[in-house]
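Enquirer: Let's see this in three dimensions:
(one chain, ligands or ions: 1)
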Amino acid sequence: PLRSHCPADSEQLGRATWTFLHTAAAYYPATPSKEQQKQMLNLLRSLPTLYPCQHCAQHLGVEMQRRPPDVTGREGVSRWLCETHNEVNERLGKERFDCARVLERWRDGPADGSCD
Ligand code: FAD
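Expert: You can find the predicted model right below:
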């Protein structure tokens, strides 16, 4: 049944949040200003307190302490998020994603034009 009128469960919330974060990273400047870097860092650092799945947020906080975000540019933040997402994938028994393809997945689309 269609449940899109229901409050988000943790899986829908996860998919929507990853979509937002990977897309924001993919459109973040290659060479951001100091101000843009500060704002990206603020966005990421707010997640361990604001992400509305308590145990997810807690894991993320630990992971961010261990591997601080790289906000120096599009490549760095996209890779950092990809690796962070892979850490969650691994913990949940899901497949790892090939981080070399993260901009193809979230910005450029596949070379065969199937997403154009
Ligand atoms: P998702 O994992 O949501 O991925 C969506 C799409 O992203 C995939 O279809 C794929 O195309 C692409 N993708 C997959 N891996 C990567 C990657 N490494 N880099 C780039 N793109 C990728 N759930 C829990 O049960 N426990 C948790 O502790 C937990 N922590 C979370 C922490 C955060 C910060 C977020 C945003 C979500 C968390 N979730 C957690 C939710 C979980 O990660 C999934 O979003 C959810 O289980 C739905 O999974 P899915 O298989 O639909 O795909």
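
Enquirer: Need the three-state assignment for Cys115.
Expert: When classified by DSSP: H, G, I helix; E, B strand; the rest coil, Cys115 comes out as coil.

Enquirer: Return the residues in contact with it.
Expert: Taking Cβ atoms under 8 Å, 6 or more residues apart in numbering, we find Cys115 in contact with Gly109. In short, each C-beta sits where N, CA and C put it, glycine included.

Enquirer: so what does the host helix or strand of Ala24 touch, helix or strand wise?
Expert: Secondary structure from DSSP states H and E places Ala24 in helix 10-26. Counting by 3 or more Cβ pairs under 8 Å, 6 or more residues apart in numbering; DSSP states H and E, the packing neighbours recorded for helix 10-26 are helix 74-91, helix 102-103.

Enquirer: Now render these as TSV, adding mean neighbour count, mean pLDDT and distance to the ligand.
Expert: As requested, those are exported to TSV (neighbours: other Cβ atoms under 10 Å; pLDDT from 0 to 100; distance: least, Cβ to the nearest ligand atom, whole Å):
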stretch	mean neighbour count	mean pLDDT	distance to the ligand
helix 74-91	18	98	3
helix 102-103	19	97	5
